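Student: dropping the sequence and predicted coords here.
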Amino acid sequence: MPHLLTSILEDRHWDAALISSLPNVRYLTGFTGSNALALALPDRIILFTDPRYTIQSKKEFHGRTVIVKGPLVAGMKRWLGKISTLAFENERILFHTQQAVAAELPKRAKMEGMGPLLEELRMVKSAGEIALIRRAVEINSTAFQAAMRLFREGMTERDLAAEIDYQMHQFGSEKPAFDTLVAFKQHSALPHAHPREAKIEGNGLLLIDMGAFWHGYASDMTRMAHIGTPSQKTKTHYKAVLEALTMAEASVKPGITAKKVDAVARKVLKSYGMEKFFTHSLGHGLGLEIHEPPRIGKKMDTVLCAGMTITIEPGVYMEGHQGVRIEDTILVTEHGSEIMTPTPKEMLLL
């Protein structure tokens with residue numbers, strides 16, 4: 001990746017680029033520690049971290065590493081003092097880091113924001129990255145199946161969320177990709193509900209949204225279960241969302257815009273009179289972060305291309321009643337797309 005960033009530096013007449021967000025530092029260097037900065041120069045990338053990571057940084061990054069005792073910016077003085085134009089992550093840098101860097105630059109030097117440049121480079125995954133995401137998806141699905149086999153009516157939402165997290169760990173996940181979401185009955189109408197001590201019992205829908213990290217790469221999946229016999233109304237809600245998901249997934253291919261994929265799902269929900277209950281974007285990219293570009297939304301002009309990994313997750317949320325969401329992780333391929341998530345999409349009856 002340094003060669004690609006190098007060409008961008010030349011094209012934009014930047015002397016160097018400061019990388020401050022840890023996911024982007026990892027993307028460029030492979031370093032996984034919790035404290036780091038990277039300085040991209042025309043011929044190399046230099047990693048700055050603290051003494052805790054002396055051994056780890058040598059194993060993970062094979063370029064120049066500078067171990068700094070104290071603020072990392074202080075270790076960059078000899079390089080920053082020679083820069084006329086420095087690009088920086090203006091959408092992600094901490095204010096005090098930006099101020100410290102500015103103080104070390106020559107008086108007439110300029111800092112120029114690079115926006116989501118690296119995030120855009122990260123949208124198209126390498127074969128190695130896709131393999132890691134595929135494994136994260138497999139762990140997620142296997143853990144879901146194992147946890148649901150252990151489900152017993154009367155468990156709380158928190159009980160089931162904890163069981164899901166444990167099963168992900170058992171099957172190799174480094175950690176959940178986000179706080180596991182388990183929501184029963186009316187609580188499922190909250191798109192980002194947090195598990196409660198409420199018991200899962202009686203008749204009702206159960207929404208489970210979960211993801212796993214494998215070697216730093218994320219997966220994401222939402223599935224629905226039902227305790228007792230679902231009503232005809234619930235079956236209709238589920239059918240509408242499943243059809244929206246299926247049609248949207250079928251539309252994913254290189255060259256289509258994100259907003260056109262989003263529109264496919266909304267058209268289906270509109271035919272059921274349910275579009276107004278769909279209150280978020282259709283999906284998002286995922287990789288080193290659980291939410292990263294491209295966003296699959298009704299105003300997004302991003303053109304999908306092979307190598308992108310995205311989620312498709314239509315949902316309908318009816319306050320005081322229930323919510324339905326179904327979500328897969330998708331790979332955009334050369335000629336269409338691949339549904340990476342192997343878990344069946346039918347409503348699980350418990």
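Tutor: In hand now; what should we look at? Numbers count the residues shown, from 1 in each chain.
Student: was I right about Val25 contacting Asn35?
Tutor: No: with contact defined as C-beta atoms under 8 Å, Val25 and Asn35 do not form a contacting pair (9.8 Å). From N, CA and C alone the C-beta is placed, and that goes for glycine too.
Student: those two - which one has more neighbours?
Tutor: More crowded of Val25 and Asn35, by other C-beta atoms under 10 Å: Val25, with 24 against 14.
Student: tell me how far that one lies from Arg134.
Tutor: Between Val25 and Arg134 the computed distance is 24 Å (C-beta to C-beta, to the nearest Å).
Student: cool, and Lys253?
Tutor: Using C-beta to C-beta, Lys253 is found at 19 Å from Arg134.
Student: tell me the domain ranges of this structure?
Tutor: The chain is divided into the following domains under automatic domain parsing: 2-120, 127-349.
Student: helix, strand or coil for the residue nearest the centre of the chain?
Tutor: For the chain, Ile290 is the residue whose C-alpha lies nearest the centre (C-alpha atoms, centre = their mean; 1.7 Å). Here Ile290 is coil, with the state taken from DSSP: H, G, I helix; E, B strand; the rest coil.
Student: who's in contact with it?
Tutor: Contact analysis of Ile290 by C-beta atoms under 8 Å, 6 or more residues apart in numbering lists 177-178, 211, 218, 220.
Student: let's see 6 Å
Tutor: Contact analysis of Ile290 by C-beta atoms under 6 Å, 6 or more residues apart in numbering lists 177-178, 211, 218.
Student: quick one, phi/psi of it?
Tutor: Per-residue torsions, Ile290: phi -70, psi -30 (degrees, to the nearest 10).
Student: gap between it and Met347?
Tutor: Ile290 is 25 Å from Met347, by C-beta to C-beta.
Student: same check on Gln186?
Tutor: As judged by C-beta to C-beta, Gln186 and Met347 stand 18 Å apart.
Student: so for the two, which sits in the more crowded spot?
Tutor: Between Gln186 and Met347, counted using other C-beta under 10 Å, Met347 has the larger neighbour count: 20 against 17.
Student: is it true that the more buried one touches Lys239?
Tutor: No: Met347 is beyond contact range of Lys239, at 9.5 Å (criterion: C-beta atoms under 6 Å).
Student: ok, back up a step: which one of the contacts of Ile290 is nearest Ala147?
Tutor: Nearest to Ala147, judged by C-beta to C-beta, of the contacts of Ile290 is Gly211 at 13.6 Å.
Student: can you report phi and psi for that closest one?
Tutor: Per degrees, to the nearest 10, the backbone of Gly211 is at phi -150, psi 150.
Student: name the nearest residue to it, ignoring sequence neighbours.
Tutor: Nearest-residue entry for Gly211: Ala177, 3.1 Å, with adjacent residues in sequence omitted and distances by C-beta to C-beta, 6 or more residues apart in numbering.
Student: and that neighbour, what's its pLDDT?
Tutor: pLDDT recorded at Ala177 is 98.
Student: now do the contacts for it.
Tutor: 211-213, 218, 290.
Student: what of Ile55?
Tutor: Applying C-beta under 6 Å, 6+ apart, no residues qualify as near Ile55.
Student: give the next helix or strand downstream of the helix or strand hosting it.
Tutor: Here Ile55 is covered by helix 54-60, with elements defined by DSSP states H and E. Per DSSP H and E, the first helix or strand lying C-terminal to helix 54-60 is strand 64-67.
Student: tell me what that following strand is packed against?
Tutor: With contacts taken as 3 or more C-beta pairs under 6 Å, 6 or more residues apart in numbering; DSSP states H and E, strand 64-67 sits against strand 44-49.
Student: and the strand it packs on, what's its mean pLDDT?
Tutor: Mean predicted lDDT for strand 44-49 stands at 96.
Student: partner strands of it, parallel or antiparallel?
Tutor: Its sheet considered, strand 44-49 pairs with strand 36-41 (antiparallel), strand 64-67 (parallel) by DSSP bridges.
Student: contacting residues for the nearest residue to Gln322 once chain neighbours are set aside?
Tutor: By the measure of C-beta to C-beta, 6+ apart, the closest residue to Gln322 outside its immediate chain neighbours is Leu205, 4.8 Å from it. Taking C-beta under 6 Å, 6+ apart, we find Leu205 in contact with 188, 226, 322.
Student: mind checking pLDDT for Leu205?
Tutor: Note on Leu205: pLDDT of 97.
Student: and it, helix, strand or coil?
Tutor: Strictly by three-state DSSP, Leu205 counts as strand.
Student: now it: how far from Glu346?
Tutor: Distance of Leu205 to Glu346, given as C-beta to C-beta: 14 Å.
Student: what does Leu206 give?
Tutor: Distance from Leu206 to Glu346, counting by C-beta to C-beta: 14 Å.
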